[in-house]
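K.L.:
Quick one: sequence and predicted model below, then my questions.
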Amino acid sequence: MRLAYWMYEGTAHHGVARVMNSMRKTHAVFHAPQGDGYVNTIFTMLERTPGFPAMTTSVVSGTDLARGTLRLPETLRQVEAAQHPDLIVVVASCSTILLQENLEIAAHQSGLACEVMVYDANPYRMQETAAAEGLFTELVKKYATSQPLTPMPSVNILGPSSLGFHARHDLISLRRIFKTLGVAVNVVAPWGASVDDLRRLPAAWLTIAPYRELGRLAAEYLEAQFGTAALCDAPIGVQPTLRWLDAVVEQLNTVGARLAVPPSPLKLPPLTEFSLDGMSAPSNVPWFARTADMESFSGKKAFVFGDATHTVGVTKFLADELGMPIAGAGTYLVKEADWVRSQLQGYVSDADFLATDEFQQVADRIGQLRPELVCGTQMERHTGRRYDLNVMVISSPTHIENHLLAYRPFLGFDGADVIADEVSTTCTLGMEKHLIDMFGDAGLELVESPSVPSADPVLVSNGKAAVAPVAVVADVVKPTNGHAPEGQPSNGVASSAGAPTSGQATPAPVVNPVWTADGEAMLKKIPFFVRGRARGNIEKYAREHGIATITAEVLLAAKEHLGA
């Protein structure tokens, strides 16, 4: 098990918790040291539900180990008395696995009236998605029971879960679509499902599993064991949603023809019925993609990184429906890398594809590409701030702002509008700041005293003179690698006002050029969405030409040199 400060996937306990906290009348008991109770804190902070997390830690202490005692039976009895669950799932920690404690015997000797299941979520072999998918599939295998199909068309929706990325909103979007089609929802799981609901899964005509990370294996099991057809595509974007709807109708009609019900085949209603008002187009994306607003950034490059489902869906959406070039894409789910790569053939070359669970590698790739838009996780947001890039979150891991009360789906027609809005607002994020940088703050800014006085006054927008600081990036302009400040020669090397003249020796490279006030002011006149890339290119130019300080003149020389 690799320890890191930041990880894209949570632990196996986190995956188990996502399933158990989603279901009704179930509870998870972690047989673990006290510190593993952190999982409860995560769900308490992020989950927007009124109940407490359905998880309890049966603490393993050093004193218990010395005495040879086991608290698990007593913890199970307390959970049953307080929660009255239908099912308790017991999970070992890395500590108890090393101790080789037999939790099966301890659990089944507790004398409980409810059912107890010991799930082998080995933290040395499993992380979040594998543990969640494995547990949910085991529960479906354990409880799904053969039975007649429902009289009318119905579907299961598998995959929405606690702390899933916009999962509650996606579920609302899917329910709206099926209501418009006149198709009943048989079971939603694990979100809101009970053990009895899992028993009813084989009664549906079709199983919908939009997330590759959770629900797909259970859907494949239902298809293999009970003949329940499965549709595992994610309807992300307008065109994918239309194709997905055609597939839903086709598969339901195939089952209906076999059963001789309903009396007439299911038909796709007018698309206006899928809109929120029932009158207009179901999505504004096709219109928006043709507007001048969209054209202003449609040629800007994007980098997409996240889980398998959202990386594929968002990459295709940006390229196919918004016309944005894809500079690179990838996933932190290394086990899904082959599938993601195959899905993105024609969108991203193998050289531009990245499969890694180390965020440092992703940050380095973003730093190299400097795209105008980064679509990623919460960790890519941190990277974007580092490089002054625009970032929108499209995948877990997330922050509290991605667990919203308002309706913000990613699936279906409504989801297409949400993604387009996110792209538009993210790409124009900071436009007000850019305008202020260019035209001033209408006399509202507070002029701060400079940390280092300068003899050269500059005018602020209110017309008064103020003393300009020597540098914005650095507190004090200091010689770097033997180079003197601007205007002072250093060992015969050309001054920082421009590149060395012909006939002079090639200067030694400067490791970290320093920006002067006029250089920073000139940089701010460059549009914000390319400013980060421009800064990097100018600093590279300065290093290559041995320039210690970057002034406005250096910036203009670099711009001319780079042909910008």
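P.N.:
That came through fine. Numbers count the residues shown, from 1 in each chain.

K.L.:
Shouldn't Y124 be within a helix?
P.N.:
No - under DSSP: H, G, I helix; E, B strand; the rest coil, Y124 falls outside any helix and is assigned coil.

K.L.:
does it really touch A92, like I thought?
P.N.:
No - with contact defined as CB atoms under 8 Å, Y124 does not reach A92; the gap is 10.8 Å. (Each C-beta comes from the backbone N, C-alpha and C, glycine too.)

K.L.:
Tell me which of those two has more neighbours.
P.N.:
Using other CB atoms under 10 Å as the criterion, Y124 and A92 rank with A92 on top: 25 against 9.

K.L.:
Phi and psi next, for the more buried one.
P.N.:
A92 has phi and psi values of phi -90, psi 160 when expressed as degrees, to the nearest 10.

K.L.:
ok, now E372?
P.N.:
Here is the backbone geometry of E372 (degrees, to the nearest 10): phi -70, psi -20.

K.L.:
With adjacent residues omitted, what lies nearest to it?
P.N.:
K300 (3.4 Å; CB to CB, 6 or more residues apart in numbering).

K.L.:
And the host helix or strand of R535, what does it pack against?
P.N.:
Element membership for R535 (DSSP states H and E) is helix 528-544. If you count contacts as 3 or more CB pairs under 8 Å, 6 or more residues apart in numbering; DSSP states H and E, helix 528-544 packs onto helix 431-439, helix 517-523, strand 549-550, helix 552-562.

K.L.:
same question for the first one, mean pLDDT?
P.N.:
What it means is helix 431-439. What helix 431-439 shows for mean pLDDT is 55.

K.L.:
from what I can see P85 touches A28, true?
P.N.:
No - judged on CB under 8 Å, P85 makes no contact with A28 at a distance of 9.7 Å.

K.L.:
Pull out the buried residues from stretch 331-345.
P.N.:
Residues T331, Y332, L333, E336, A337, V340, R341, Q343, L344 are the ones in stretch 331-345 that count as buried (16 or more other CB atoms under 10 Å).

K.L.:
from the chain's centre, how far out does it sit?
P.N.:
Distance, stretch centre to chain centre, for stretch 331-345: 15 Å (CA atoms, centre = their mean, to the nearest Å).

K.L.:
repeat for stretch 183-202
P.N.:
For stretch 183-202 - counting by CA atoms, centre = their mean - the centre lies 27 Å from the chain centre.

K.L.:
tell me how far the ends of that stretch are from each other?
P.N.:
The stretch stretch 183-202 measures 16 Å between its terminal residues, going by CA to CA, to the nearest Å.

K.L.:
Residues contacting the longest helix seen in the chain, please?
P.N.:
Secondary structure of the chain per DSSP state H: the longest helix is helix 238-259. When contacts are defined by CB atoms under 8 Å, 6 or more residues apart in numbering, helix 238-259 is touched by residues 149, 153, 155, 177, 181, 183, 205-206, 208, 229, 231, 233-235, 262, 265-268, 282-283, 285-286, 313, 316-317, 320-321, 411-413, 415-416.

K.L.:
Strands of the stretch 1-150 of the chain, start to end?
P.N.:
For the stretch 1-150 of the chain, the strands defined by DSSP state E, counting those that start in this stretch occupy 26-32, 55-59, 87-92, 115-119.

K.L.:
For these, give me JSON lines that also has distance to S395 and mean pLDDT.
P.N.:
Compiled in JSON lines, the strands of the stretch 1-150 of the chain are given as follows (distance: least, CB to CB, whole Å; pLDDT from 0 to 100):
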{"stretch": "strand 26-32", "distance to S395": "24", "mean pLDDT": "88"}
{"stretch": "strand 55-59", "distance to S395": "24", "mean pLDDT": "80"}
{"stretch": "strand 87-92", "distance to S395": "25", "mean pLDDT": "91"}
{"stretch": "strand 115-119", "distance to S395": "26", "mean pLDDT": "92"}
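
K.L.:
right, so of those, which gets closest to I172?
P.N.:
Judged by CB to CB, the one of the strands of the stretch 1-150 of the chain that comes nearest to I172 is strand 26-32, at 23.0 Å.

K.L.:
Isn't C232 up against E213?
P.N.:
No - using CB under 8 Å, C232 is not in contact with E213, being 11.3 Å away.

K.L.:
okay, these two: which has more neighbours?
P.N.:
For C232 versus E213, neighbours defined as other CB under 10 Å are more numerous around E213 (24 against 19).

K.L.:
how is this protein carved up into domains?
P.N.:
Structurally, the chain divides into domains by automatic domain parsing as follows: 12-127, 144-274, 285-429, 457-562.

K.L.:
what sits against the residue lying closest to E336 once chain neighbours are set aside?
P.N.:
Distances taken as CB to CB, 6+ apart place A308 nearest to E336, at 3.9 Å, with adjacent residues excluded. Neighbouring residues of A308 by CB under 8 Å, 6+ apart: R212, E213, T331, L333, E336, W339, V340.

K.L.:
now A308: how far from K335?
P.N.:
9 Å (CB to CB, to the nearest Å).

K.L.:
cool, Y387 as well?
P.N.:
29 Å.

K.L.:
what sits against the residue nearest to the spatial centre of the chain?
P.N.:
In the chain, the centroid-proximal residue (CA atoms, centre = their mean) is S395; its distance is 1.8 Å. For S395, the contact set (CB under 8 Å, 6+ apart) comprises F165, F305, G306, D307, H310, T311, G376, T377.

K.L.:
Please apply the same query to L354.
P.N.:
With contacts defined as CB under 8 Å, 6+ apart, L354 is in contact with F305, G328, A329, G330, T331, Q361, V362, R365.

K.L.:
Secondary structure element for the third one, which one?
P.N.:
I take that to be A329. For A329, the element it lies in under DSSP H and E is strand 326-331.

K.L.:
Show me what that strand is packed against.
P.N.:
With contacts taken as 3+ CB pairs under 8 Å, 6+ apart, strand 326-331 sits against strand 302-306, helix 308-316, helix 337-343, strand 353-355, helix 359-369.

K.L.:
in its sheet, what does that strand sit against?
P.N.:
Under the criterion DSSP bridges, strand 326-331 sits next to strand 302-306 (parallel), strand 353-355 (parallel) in its sheet.

K.L.:
Now do the last one: distance to the chain's middle.
P.N.:
So that's strand 353-355. How far strand 353-355 lies from its chain's middle: 16 Å, per CA atoms, centre = their mean.
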